[in-house]
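> Predicted structure and sequence below. I'll ask about it afterward.
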Amino acid sequence: MPKLFLVRHAEPAVADVLLGRTDPPLSEAGRREAHEKLSGLEVELVYSSPLRRCLETAAAIDAPLRVLDELAEISLGDWDGLSWGEVERLHPELAARKAADWFGVTPPHGEDWRVFVARITQAADMILRGPLPAAIIGHVAANAVIVQHLTGAGPASFNQRYCETIEL
């Protein structure tokens, strides 16, 4: 039996923007999908990011909940809530640098990737101390870091759909 279920939050009510620390609720479809996919998940404990889209996803699982601020998605600073087109119009040179080196370039007032990795890795190590099995309800970048930490797979190739569960 897997000891860790890594779940990306269900579909948020906002689309086509860089969410980062933006805090929208789930869409109605997201709420339904979370209930359909997660209500039967059997775990000792659910860990969740403090962002609403994760908390609402976690509510579909019948297990105790522990909210960890360390599991919050990376802050994109001034780019949180903007579409990529808006980012390119507002910061054309920086957007081009970011597109060429996604993990090495930090948006204005955003969180440095290395700081983010350290924060997520620390949370993952704490979760792995138990109790297990556990579920982590998180975000695509945060979950990519956890997968990299546990398997060595690089974050650039990571992909996880809304409400998809990865068993580790």
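Good, I have the coordinates.
> okay, which residue is most central for this protein?
Geometric centre of the chain, nearest residue: H139, 1.0 Å, by CA atoms, centre = their mean.
> And the pLDDT at that residue?
H139 carries a pLDDT value of 98.
> contacting residues for it?
Residues counted as contacts of H139 (CB atoms under 8 Å, 6 or more residues apart in numbering) are R8, H9, L19, S49, L51, C54, L71, A72, E73, I74. For every residue, glycine as well, the C-beta is placed using N, CA and C.
> and with 6 Å instead?
Going by CB atoms under 6 Å, 6 or more residues apart in numbering, H139 touches E73.
> And for the one 3 residues further on?
Shown in contact with A142 (CB under 6 Å, 6+ apart): L71, E73, I120.
> ok, 8 Å please
By CB under 8 Å, 6+ apart, the contact list for A142 reads S49, L71, A72, E73, I74, F116, I120.
> count of neighbours near A134?
Residue neighbour count, defined by other CB atoms under 10 Å, stands at 20 for A134.
> what's the answer for A58, then?
Neighbourhood size, A58 [other CB under 10 Å]: 24.
> in what helix or strand does I137 lie?
Using DSSP states H and E, I137 sits within strand 134-138.
> what's the distance between that strand and the middle of its chain?
Relative to its chain's centre, strand 134-138 lies at 10 Å (CA atoms, centre = their mean, to the nearest Å).
> Just checking: what are the partner strands of that strand?
In the sheet, strand 134-138 lines up against strand 4-8 (parallel), strand 45-48 (parallel) (DSSP bridges).
> returning to that earlier point: P131 versus the residue nearest to the centre of the chain, what's the distance?
Distance of H139 to P131, computed by CB to CB, to the nearest Å: 23 Å.
> So which residues of this structure form helices?
Ranges of helices in the chain, per DSSP state H, are 28-38, 52-58, 84-90, 92-100, 113-128, 140-151.
> Return the list of helices and strands in contact with the first one.
This points to helix 28-38. helix 52-58 (3 or more CB pairs under 8 Å, 6 or more residues apart in numbering; DSSP states H and E).
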